[in-house]
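[1] take a look and give me a structure for this.
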Amino acid sequence: MKRVHFIAIGGSAMHNLAIALQRQGFDVSGSDDEIFEPSRSRLDRLGLLPDKEGWRPEDITPDIDAVILGMHARIDNPELKRAQELGIPVFSYPSYFYERTRNKTRVVIGGSHGKTTITSMIVHVLRQANVEFDYLVGAQLDGFDCMVKLSESSSVAIIEGDEYLASALEPVPKFHLYKPDIALISGIAWDHINVFKTYESYVEQFRKFIALVEPGGKLVYCAEDAEVKKLAEEKEVKEVKVGYGTPKHRIEDGVTTLETNNGDLPLQVFGRHNLQNLEGARHVCHLLGIGDREFYAAMRTFHGAARRLEKLAEVPGRSVFKDFAHSPSKLAATLQAVREQFPARRLVACMELHTYSSLSEGFLDQYAGCMNDADRAIVFYDPHAVQLKRLPPIPPERVKKAFGREDLLVLNDPIAVMGAVRDGIEGESVLLMMSSGNFGGVDLQALSEAFIA
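    You can find the predicted model right below:
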């Protein structure tokens with residue numbers, strides 16, 4: 001299939017896949033009704049940015065070999081309807097990636113949290129070991145200008161397995177479509193409540209994921225997560241199972257050191273959840289033929305995926321980190337990590353309610369107690385974002401009640417965030433900014449510089 005058209009090309013994985021196919025010599029075109037940065041600039045630089053926004057069914061012609069449909073496109077999309085009329089094969093990007101890797105060893109990393117970091121760790125180690133591999137990763141990594149790669153010569157594919165739906169034509173979780181030879185589950189905590197209305201229905205997606213492991217495949221799982229352990233140890237699960245937990249380590253002077261059979265290993269990442277992520281990545285790499293010595297040597301230079309406990313600024317006694325954490329379990333784990341790493345510092349934590357789940361009345365109470373590790377806790381949300389998601393307004397008092405902290409500061413003004421994170425700060429301290437959004441456009445670099453001044 002040498003001519004491929006992307007409907008909703010602006011998506012994170014979609015535009016990366018478009019770039020990867022162009023590099024393979026494919027004739028790539030695409031459309032979208034709205035394209036944001038950084039997708040816009042990257043597509044424009046490579047000549048893949050549509051001439052204008054919107055859907056143009058007249059561009060769907062019989063010489064197109066395949067159409068790749070993004071989740072952003074609706075079932076009545078005019079380009080999709082035209083492709084169906086012409087009998088052109090239509091794929092979601094997960095189903096297309098599977099078709100291109102079906103004869104390879106597919107490693108799929110799933111879980112409510114940690115999957116981007118684990119995938120990034122595995123990719124980093126394989127690259128250090130000069131192993132050729134295909135990959136699909138959700139976050140930008142240093143040294144990679146495109147987070148999707150497909151080749152004819154590789155025998156392994158490393159895939160970050162998202163549990164959100166694939167497309168309007170394939171309304172199933174993306175990680176159901178990859179059929180792994182090696183599967184990993186890092187943890188389970190209810191998310192995407194607009195799709196999975198109950199906790200039980202969400203957990204069921206992971207049970208189905210396990211059932212889709214290829215015959216003779218392997219299941220690597222975090223045995224310290226009660227729900228994951230329960231699923232992995234069900235009698236119906238016949239795969240070879242490899243459980244993992246938190247490896248032996250110590251924390252001294254703000255540095256986490258792993259204690260291994262190959263000696264001490266100072267890490268550039270920290271937190272119990274990241275140590276578990278590392279241990280999961282180690283087991284996957286072992287199944288791919290990478291020994292511990294080679295794995296640990298590569299991990300010396302791993303400093304995390306983008307927006308995962310990413311250091312923005314630091315001076316002696318003060319640090320600023322940003323993190324993608326937005327769900328209750330991610331918030332709690334990230335706060336615990338910073339608290340353990342800097343026990344003597346005052347911890348200021350600011351998070352943004354940004355996703356559909358986090359702004360939903362039926363989900364808010366899941367946040368109870370998740371910011372208790374912070375000395376000063378701040379929650380920001382944009383009322384306009386609530387309106388855009390067509391959700392009822394949320395009074396600040398309701399947010400405070402949900403988090404269970406009387407001293408919680410709830411803000412709606414991004415300018416107020418700039419002042420609030422610095423209010424009353426003296427001596428050694430650390431600031432943690434957590435969101436899957438952008439705090440209403442706050443300049444985080446300027447905020448960081450002000451905090452450490």
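
[2] in three-state terms, label Glu99 for me.
    helix (DSSP: H, G, I helix; E, B strand; the rest coil).

[3] now for Lys400: which residues touch it?
    By CB atoms under 8 Å, 6 or more residues apart in numbering, Lys400 lies in contact with Glu406, Leu408, Val410. Quick note: C-beta positions are derived from backbone N, CA and C, even for glycine.

[4] among these, name the buried ones.
    Leu408, Val410 (16 or more other CB atoms under 10 Å).

[5] closest to Thr355 among the contacts of Lys400?
    Nearest to Thr355 out of those is Val410 (CB to CB; 17.1 Å).

[6] what bridges to that closest one?
    Beta-bridge pairing for Val410 (DSSP bridges): Val379.

[7] was I right about it contacting Val379?
    Yes. Contact criterion CB atoms under 8 Å: Val410 and Val379 qualify, at 5.1 Å.

[8] between those two, which contacts overlap?
    Val399.

[9] what are the ranges of the strands in the stretch 301-450 of the chain?
    Counting by DSSP state E, counting those that start in this stretch, one finds strands in the stretch 301-450 of the chain at the ranges 310-315, 318-323, 346-352, 376-380, 409-411, 429-434.

[10] next: the stretch 101-250 of the chain.
    Taking DSSP E, counting those that start in this stretch, the strands of the stretch 101-250 of the chain run over residues 105-110, 134-136, 148-149, 156-160, 182-185, 218-222, 240-244, 249-252.

[11] save these as a markdown table, and put in distance to Leu331, mean pLDDT and mean neighbour count too.
    As requested, the strands of the stretch 101-250 of the chain are exported to a markdown table (distance: least, CB to CB, whole Å; pLDDT from 0 to 100; neighbours: other CB atoms under 10 Å):
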| stretch | distance to Leu331 | mean pLDDT | mean neighbour count |
| --- | --- | --- | --- |
| strand 105-110 | 20 | 98 | 27 |
| strand 134-136 | 27 | 96 | 25 |
| strand 148-149 | 29 | 95 | 22 |
| strand 156-160 | 21 | 98 | 25 |
| strand 182-185 | 20 | 98 | 28 |
| strand 218-222 | 18 | 98 | 25 |
| strand 240-244 | 23 | 96 | 16 |
| strand 249-252 | 21 | 94 | 12 |
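
[12] what about Glu279, distance to Met121?
    Remark: distance between Glu279 and Met121 (CB to CB, to the nearest Å) = 10 Å.

[13] who has more neighbours, the two?
    Met121 (28 against 20; other CB atoms under 10 Å).

[14] and the nearest residue to His72 once chain neighbours are set aside, how many neighbours does it have?
    Here the nearest residue to His72 in space, its sequence neighbours aside, is Ala8; by CB to CB, 6 or more residues apart in numbering that works out to 4.0 Å. Counted by other CB under 10 Å, the residues lying close to Ala8 total 27.

[15] quick check: the gap between Ala8 and Tyr381.
    To Tyr381, Ala8 is 27 Å away according to CB to CB.

[16] alright, that wraps it up for me.
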